[in-house]
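Chemist: quick one: sequence plus predicted model below, questions after.
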Amino acid sequence: MTTQFTAMRVTETDWIIEDTRFPIDDSRHVVAYVEATEHLFRVTWVLPLPLPTEYLRVEDVLDDLARRQEAAATGGSTRPVPIPHHPPAH
């Protein structure tokens with residue numbers, strides 16, 4: 001998997017997730033804000049991504065992003081399964 005996403009710690013309990021494909025002054029550079037709570041990491045997505053908002057580890061956020069990016073690069077789907085067509089029963 002590519003490592004275009006990185007987590008940068010900004011405080012004891014907060015991280016930002018960055019997309020290193022874009023320069024730091026590009027609005028697409030910051031993908032999410034992550035806040036550590038007592039048992040979870042809560043994610044606020046900056047981009048509209050259909051990913052969870054709670055994780056057990058910051059690394060899990062990066063893994064999900066990498067999987068999503070890989071699926072998008074490969075088309076994310078396969079060819080449809082052909083369905084046989086039969087004439088109507090009489």
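Modeler: Alright, I've got the coordinates. Numbering: from 1, shown residues only.
Chemist: and the most centrally placed residue in the chain, what does it touch?
Modeler: Most central residue of the chain, judged by C-alpha distance to the mean C-alpha position with CA atoms, centre = their mean, is residue 65 at 2.8 Å. Going by CB atoms under 8 Å, 6 or more residues apart in numbering, residue 65 touches 5, 17, 31, 49, 51. Backbone N, C-alpha and C define where each C-beta goes, glycine included.
Chemist: surely it is in a strand?
Modeler: No: if the criterion is DSSP: H, G, I helix; E, B strand; the rest coil, then residue 65 is helix and not within a strand.
Chemist: quick one on the thing from earlier: min pLDDT across the contacts of residue 65, which one?
Modeler: For these, the model is least confident at residue 49; its pLDDT is 87.
Chemist: would that one count as being in a strand?
Modeler: No: using three-state DSSP, the assignment for residue 49 is coil, not a strand.
Chemist: so what's the gap between the helix or strand bottoming out on mean pLDDT in the chain and the chain middle?
Modeler: Among the secondary structure pieces of the chain, namely its helices and strands, helix 58-73 has the lowest mean (mean pLDDT, DSSP states H and E), a mean of 88. Helix 58-73 sits 5 Å away from the centroid of its parent chain (CA atoms, centre = their mean, to the nearest Å).
Chemist: got it, and stretch 40-53?
Modeler: Stretch 40-53 has its average C-alpha position 8 Å from the chain's average C-alpha position, going by CA atoms, centre = their mean.
Chemist: could you dump that stretch to PDB, C-alpha only?
Modeler: Output for stretch 40-53, consisting of C-alpha atoms alone and laid out as PDB, is shown next (Å, rounded to 0.1, in the frame of the first residue of the first chain):
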ATOM      1  CA  LEU A  40     -11.400   5.700  21.100                       C
ATOM      2  CA  PHE A  41     -10.000   8.000  18.500                       C
ATOM      3  CA  ARG A  42     -12.700  10.300  17.000                       C
ATOM      4  CA  VAL A  43     -12.200  11.400  13.500                       C
ATOM      5  CA  THR A  44     -13.700  14.600  11.900                       C
ATOM      6  CA  TRP A  45     -13.300  14.200   8.100                       C
ATOM      7  CA  VAL A  46     -12.400  17.400   6.300                       C
ATOM      8  CA  LEU A  47     -13.200  15.800   3.000                       C
ATOM      9  CA  PRO A  48     -16.600  14.000   2.500                       C
ATOM     10  CA  LEU A  49     -15.400  10.400   2.900                       C
ATOM     11  CA  PRO A  50     -17.700   7.500   3.700                       C
ATOM     12  CA  LEU A  51     -15.400   6.200   6.400                       C
ATOM     13  CA  PRO A  52     -16.100   5.600  10.100                       C
ATOM     14  CA  THR A  53     -15.700   8.400  12.700                       C
END
